[in-house]
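Enquirer: mind folding the following:
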Amino acid sequence: MREIKTEIEIAAPPTKVWSILTDFDNWKEWSPIINQASGVASLGSELSIMMRGEDGKDGPKYAPVITSFDEPKFFRWRGKMMAEFIMTNDKVFELEETASGTRLIHKELFSGMLVPVFWNKFEKHVPSMLNSMNEALKTKAEKS
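Expert: Residues are numbered from 1 along each chain as shown. As a prediction, the model looks like this:
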């Protein structure tokens, strides 16, 4: 398994950050990398995620399943390409309370036989995507 990890400090309590993160239907309103999202924030729930393409139009669509859920601290989902042995992508959100608010740890974990083929592309593009989402979440949580 390979991991890409980002972190950001947000001057808002974890419960506020959590409520924004788990309101999937409104991700399109604040996230620069999502055109559409829907689903229920609960263990075993299947989500519908439409990424934003480089041109702003609809990008790849996938239906990850929430595999871990510990409100208001942690959730993880898994998306897969055809079968899990080909490629899986887990997205992880961890919220830690700090003296000034919340530390968000936002990770993507990749496994499967196609990961080595795409790893250079993931390493190049995924950190900036995660960081742009982190910054947008910070802005939303700190102004709301």
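Enquirer: which residues in the protein form helices?
Expert: Secondary structure of the chain (DSSP state H): helices at 14-21, 27-30, 115-143.
Enquirer: apart from its chain neighbours, what residue comes closest to residue 100?
Expert: Distances taken as CB to CB, 6 or more residues apart in numbering put residue 11 closest to residue 100, at 5.6 Å, once the chain neighbours are dropped. All C-beta spots, glycine's among them, are computed from the backbone N, C-alpha and C.
Enquirer: count the neighbours of the one you found for me.
Expert: When counting by other CB atoms under 10 Å, one arrives at 11 neighbours for residue 11.
Enquirer: please apply the same query to the one 3 residues further on.
Expert: When neighbours are counted by other CB under 10 Å, residue 14 registers 20.
Enquirer: residue 68 is in contact with residue 43, correct?
Expert: Yes - judged on CB atoms under 8 Å, residue 43 makes contact with residue 68 at a distance of 7.3 Å.
Enquirer: who's in contact with the most centrally placed residue in the chain?
Expert: Centrality entry for the chain: nearest residue to the mean C-alpha point is residue 91, 5.0 Å, by CA atoms, centre = their mean. By CB atoms under 8 Å, 6 or more residues apart in numbering, residue 91 lies in contact with 64, 76-77, 79, 106-108.
Enquirer: so which of the residues you listed is the closest to residue 21?
Expert: Using CB to CB, residue 106 comes nearest to residue 21 of the contacts of residue 91, at 9.5 Å.
Enquirer: quick one: pLDDT of that closest one?
Expert: According to the prediction, residue 106 has pLDDT 98.
Enquirer: helices or strands up against the least confident helix or strand in the chain by mean pLDDT?
Expert: Least confident helix or strand of the chain, by mean pLDDT, DSSP states H and E, is strand 58-62 with a mean of 91. With contacts defined as 3 or more CB pairs under 8 Å, 6 or more residues apart in numbering; DSSP states H and E, the packing partners of strand 58-62 are strand 34-38, strand 48-52.
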